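Colleague: Fold the following, please.
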Amino acid sequence: MSTAQGQRRLNLQATRSLLYKLPLNEFFELPGRPHVVYQIRSYANKDDPSAAALSARNEVPFLFKAFETGQIGPKRMAKMHGGKPRVATIHEYLDWTVTAQTAEADDELDFGGFRLLVILPRYYSHWPAPDYPGNVEGIKTQPSLGAPKHPMPMLQTHGKPMSAATIRTGPGYIEVPFVATHESKRGRGYCRCLVEALEDISRALGITRIMLCSTNDTSVKSTWQHLGFLYTSDQQMEEWDIPHSDLVYLQNTTQMHKDISWEQKRWKPVIIKHGDYKQRTYARIGEGRPSMPPPLPPAKRPARGSLPSLAMYSASAAAPSTGLV
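Modeller: Sure, this is the predicted structure:
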């Protein structure tokens, strides 16, 4: 490895450690999304990466299923090549990414620094007893993450993750190579919540861009465009000094990006009370009330005593015979 390449790898390792500053396995509230919480997880395990990958597959199976369905697995691929050198499968790429496997040699891909971001359903006890311990105000441990104020009631969750993404920081960007939502939860806005959590993390770390690797599926790319992502050209990658070798870049994929605005949304906290139950939620400031559509014009009624002409009957009766609609 040349001196320039070695220095670049050192710089990458330094920027990829930014996520290490954020706490793991804590719940964070998204303002305006009272039904979910987000959480950062780590499955990195240098001693037993296979066990770590198995744990991730058990806890977030839909992330692996979304990309591995219909693809050749590593055992079959090795059998096809008779033990000779071969290309890595998507199964191996997912395991290496989720478990954050660092490169052992200079010519190997480096997956170090990855974390898993998940969206979980938030739990509320809507009829709590007066002494219910979960009906108290929580503590906001990270001022730069989550909603502006302490959560009320404390953040709790039930069920399993509904949407997940592998994330890693780089020089001025967050890299997102794999994103998936549980097949039974799609079309309900959980991916939008995931993007909002990504933006929240980016602002907390002082990062201005999200680099997303999207599959070459028209509907998937349209969804990302709807969420504010744009296609990234090779010229832009060169201007930003982001070679594909710095990213987990797969075949038959499209590189997209989203620039993050530093102007955060303004929220007004609102406390809802019902008996012993209290909940703090948030309302957007400055959007105003939605405009109502203009009223329909009044229907014209025929004058009293007047009857339709015979020509109207003959025209309506003749229309079906001529095939007109």
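Colleague: Please give the number of neighbouring residues around the residue nearest to residue 158 when sequence neighbours are not counted.
Modeller: Using C-beta to C-beta, 6 or more residues apart in numbering and skipping residues adjacent in sequence, the residue nearest residue 158 is residue 123, 4.4 Å away. From N, CA and C alone the C-beta is placed, and that goes for glycine too. Neighbours of residue 123 under the rule other C-beta atoms under 10 Å: 13.
Colleague: repeat for residue 76
Modeller: Neighbour count for residue 76, taken as other C-beta under 10 Å: 11.
Colleague: Now do the SS call for it.
Modeller: Here residue 76 is helix, with the state taken from DSSP: H, G, I helix; E, B strand; the rest coil.
Colleague: List the residues that contact the residue nearest to residue 158.
Modeller: Residue 123 is in contact with 156-158, counting by C-beta atoms under 8 Å, 6 or more residues apart in numbering.
Colleague: For those residues, could you give me CSV that also reports neighbour count, distance to residue 46 and pLDDT?
Modeller: Converted to CSV, the contacts of residue 123 look like this (neighbours: other C-beta atoms under 10 Å; distance: C-beta to C-beta, whole Å; pLDDT from 0 to 100):
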residue, neighbour count, distance to residue 46, pLDDT
156, 16, 32, 93
157, 15, 29, 94
158, 9, 32, 87
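Colleague: nearest to residue 18, of those?
Modeller: residue 157 (25.6 Å; C-beta to C-beta).
Colleague: That closest one contacts residue 121, doesn't it?
Modeller: Yes: the criterion here is C-beta atoms under 8 Å, and residue 157 meets it with residue 121 at 6.1 Å.
Colleague: ok, back up a step: closest to residue 212 among the contacts of residue 123?
Modeller: residue 157 (25.8 Å).
Colleague: Skipping adjacent residues, who's closest to that closest one in space?
Modeller: Nearest residue to residue 157 in three dimensions, chain neighbours excluded: residue 120, at 4.4 Å (C-beta to C-beta, 6+ apart).
Colleague: got the contact list for the one you found?
Modeller: Residues in contact with residue 120 (C-beta under 8 Å, 6+ apart) are 27, 36-39, 157, 159-162.
Colleague: Narrow the residues you listed to those that are buried.
Modeller: With neighbours counted by 16 or more other C-beta atoms under 10 Å, the contacts of residue 120 contain buried members at 27, 36-39, 161-162.
Colleague: re the thing from before, so how far is the helix or strand encompassing the residue nearest to residue 157 from its chain's centroid?
Modeller: Using DSSP states H and E, residue 120 sits within strand 115-121. Distance of strand 115-121 from the chain centroid (C-alpha atoms, centre = their mean, to the nearest Å) equals 9 Å.
Colleague: Also compute the angle for the next helix or strand along the chain from it relative to strand 115-121, please.
Modeller: Next along the chain after strand 115-121, taking DSSP H and E as the criterion, comes strand 163-170. Here strand 163-170 runs at an angle of 150 degrees relative to strand 115-121 (axes from the mean of the first three to the mean of the last three C-alpha atoms, to 10 degrees).
Colleague: Give the rounded mean pLDDT of strand 163-170.
Modeller: In this model, strand 163-170 has a mean pLDDT of 97.
Colleague: Put the alpha carbons of it into CSV.
Modeller: What follows is strand 163-170, C-alpha atoms only, in CSV (Å, rounded to 0.1, in the frame of the first residue of the first chain):
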residue,chain,number,x,y,z
SER,A,163,-37.6,-1.2,9.8
ALA,A,164,-33.8,-1.4,9.9
ALA,A,165,-30.7,0.0,8.2
THR,A,166,-26.9,-0.5,8.4
ILE,A,167,-25.2,2.8,8.9
ARG,A,168,-21.6,4.0,9.0
THR,A,169,-20.0,7.4,9.1
GLY,A,170,-17.5,8.7,6.6
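Colleague: ok, then the element right after that strand?
Modeller: Using DSSP H and E, the helix or strand that follows strand 163-170 in sequence is strand 173-181.
Colleague: Would you map the helices across this protein?
Modeller: Assigned by DSSP state H, the helices in the chain fall at 3-15, 49-59, 61-68, 74-81, 90-98, 190-205, 218-226, 234-239, 310-322.
Colleague: out of the ones you listed, nearest to residue 270?
Modeller: In terms of C-beta to C-beta, the element of those nearest to residue 270 is helix 190-205, at 19.0 Å.
Colleague: Having no further points to raise, I will conclude here.
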